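S.K.: the following comprises the amino acid sequence and a computationally predicted model.
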Amino acid sequence: MDLKFNKNEDHNKLKLSDLRNRFAKVKLGGGKKRIEKHQSKGKLTARERISYLLDKDTDAIEIGGFAGDGMYEEHGGCPSGGVVIKIGYVKGKQCIVVANDATVKAGAWFPITGKKNLRAQEIAMENRLPIIYLVDSAGVYLPMQDEIFPDKEHFGRIFRNNAVMSSMGITQISAVMGSCVAGGAYLPIMSDEALIVDKTGSIFLAGSYLVKAAIGETIDNETLGGATTHCEISGVTDYKAKDDKAALDTIKGIMDKIGDFEKAGFNKGISKPPLKNPEDIYGILPASRSDQYDMLEVIERLVDDSQFEQYKEDFGKTLLTGYARIGGWAVGIVANQRKVIKNGKGEMQFGGVIYSDSADKATRFIANCNQKKIPLVFLQDVTGFMVGSKSEHGGIIKDGAKMVNAVSNSVVPKFTIVIGNSYGAGNYAMCGKAYDPRLIAAWPSAELAVMSGNSAAKVLLQIEKASLQKSGETLTPEKEKQLFDNIKNRYDNQVSPYYAAARLWTDAIIDPLDTRKWISMGIEAANHAPIEKSFNLGVLQV
């Protein structure tokens, strides 16, 4: 291995170490003291509950682990959005589990909590996956109620989705393992089956204090809405469990008896590991986001047997398109080529830029995958579409629109991995979050923004200088540099993958070596949902 490879490897492994350290802190939720207090009540934490419920020695992926990261600091923070969500297996059946983390503000719902719960339901609906709710929440976080209560994508949408999923035949199971109050009380009761843990679980529209204030009745919470009340008197819940583990065992028994599902029929062969060492990715991926590298080398370390059958290999070379298998599943891959190449006319083209010919190629390839019922995988390291008079006169907007149209109207499942840059309209064309990927994950090397921090700082600096000149002020070289650095530092924070993950623009930041697991489990989930629409591009400017 050469020196550059070693430097890249050191850089990327440091980023991976940073990821692991950050996530270790996130997994503590509200902190060790609150965890100890929670466990002293005989309760398992959210992560312990999920760990006990999921089948041992099987794969699982976590959705939105960094949700809320760096947000709500004035309110004490909201690690992981106050809720833990994983896709895994219960009694061999793939499902999604949603568990409130009561160590974070008693499991109260912040705005990001609502968004994360809705993302879990979206995944369940898109993939027809059973969903299990482990409820332990004090309800809406009142100081921010105006940002979580009334809108279409706020708290109430959860219960609307409960009803829609029920009509779709998607299994929903709820276990009330702590507080379940006010509007939140509808969630378990709108599920197919509801469990409650004796002495620690409670369900009511209003707690004892509010009941006293509202109607003058004096009553304790256990009598008002405990397990005995709801299993013997109201009939609200279906099962009473003596403790957390008993409740989770009941869920396992229910899941064990669920019948098979209608399959979409995506092609699956025998899973084979890549022939080329996946760990080489750390050395291939450059430390600088502006440096060039060969994306084909990365693909060959992600796909089964390192076999990638290129489509239109010698045309539109700034995009790599082709067929492969990941975990045995047939996939169509669309990836940004990151090295400078010559097109068929002998012209130099920049890596990571989408040109007219590559956009045209991708459009055709996406259509082919839809016709053949092959899921699509997008590997993003894109700076955007080519600009300048030659590109504009050549119709880059028209060709880019065709690609965006194809991505938008694709009916096969799409999966996006943000490897490096994800800038501007390139994010859209390469199936960013707005284009409904079933799952979207980022590597620690990812950057998501309208443009790079360096480019943005240059643009904003020019605007600032022009404004100062109008008022008769001038900038010394020292002040200009200081202003540039201030702008760039502020912008660089916003292009970080952690900034994106905190806001759920991506589902997770992952180790590159987990990419195969994410895509394989994602397609397995998608196979639960037969394709019901036909592929139609609508009107195109050809």
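M.R.: Looks like it came in fine.

S.K.: please make it C-alpha for all contacts and neighbour counts, starting now.
M.R.: Will do.

S.K.: check contacts around the residue lying closest to residue 110 once chain neighbours are set aside.
M.R.: What sits nearest to residue 110 in space, not counting adjacent residues and going by C-alpha to C-alpha, 6 or more residues apart in numbering, is residue 141, at 5.7 Å. Contacts for residue 141 (C-alpha atoms under 8 Å, 6 or more residues apart in numbering) come out as 108-110.

S.K.: let's have these in JSON lines, adding secondary structure and pLDDT.
M.R.: Converted to JSON lines, the contacts of residue 141 look like this (DSSP: H, G, I helix; E, B strand; the rest coil; pLDDT from 0 to 100):
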{"residue": "108", "secondary structure": "coil", "pLDDT": "90"}
{"residue": "109", "secondary structure": "strand", "pLDDT": "89"}
{"residue": "110", "secondary structure": "coil", "pLDDT": "94"}
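
S.K.: could you pull up the mean pLDDT of the longest helix along the chain?
M.R.: Determined from DSSP state H, the single longest helix within the chain is helix 3-26. The pLDDT scores in helix 3-26 average 97.

S.K.: cool, stretch 163-181 as well?
M.R.: Rounded mean pLDDT across stretch 163-181 is 95.

S.K.: tell me how far that stretch lies from the chain's centre.
M.R.: Its chain's average C-alpha position is 22 Å from that of stretch 163-181, according to C-alpha atoms, centre = their mean, to the nearest Å.

S.K.: what comes into contact with it?
M.R.: In contact with stretch 163-181 (C-alpha under 8 Å, 6+ apart) are residues 43, 124-125, 128-139, 162, 187-188, 190-197, 200-207, 244, 247-248, 251.

S.K.: how about stretch 343-351?
M.R.: Against stretch 343-351 from outside (C-alpha under 8 Å, 6+ apart): 292, 314-318, 336-342.

S.K.: 6 Å instead, please
M.R.: The contact list for stretch 343-351, computed with C-alpha atoms under 6 Å, 6 or more residues apart in numbering, reads 318, 337-342.

S.K.: alpha carbons of that stretch, as CSV, please.
M.R.: Extracted C-alpha coordinates of stretch 343-351, given in CSV (Å, rounded to 0.1, in the frame of the first residue of the first chain):
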residue,chain,number,x,y,z
ASN,A,343,-15.6,11.4,-22.6
GLY,A,344,-16.2,9.8,-26.0
LYS,A,345,-15.3,13.1,-27.7
GLY,A,346,-11.9,13.3,-25.9
GLU,A,347,-13.1,16.1,-23.6
MET,A,348,-12.1,16.1,-19.9
GLN,A,349,-14.9,15.7,-17.4
PHE,A,350,-14.7,16.4,-13.7
GLY,A,351,-15.3,13.6,-11.2
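
S.K.: off-centre distance for it?
M.R.: Worked out by C-alpha atoms, centre = their mean, stretch 343-351 lies 35 Å from the chain centre.

S.K.: average pLDDT for it?
M.R.: 86.

S.K.: same check on stretch 31-43?
M.R.: 96.

S.K.: can you give me the buried ones in it?
M.R.: Going by neighbour count (16 or more other C-alpha atoms under 10 Å), the buried part of stretch 31-43 is 34-35, 38, 43.

S.K.: circling back: mark which of the contacts of stretch 163-181 are part of strands, please.
M.R.: 131-137, 193-197, 202-204 (DSSP state E).

S.K.: just among those residues, which is most surrounded?
M.R.: In terms of neighbours by other C-alpha atoms under 10 Å, the ones in strands among the contacts of stretch 163-181 top out with residue 196 at 32 neighbours.

S.K.: for it, which non-adjacent residue is closest in space?
M.R.: residue 176 (4.6 Å).

S.K.: give me the beta-bridge partners of that neighbour?
M.R.: residue 135, residue 196 (DSSP bridges).
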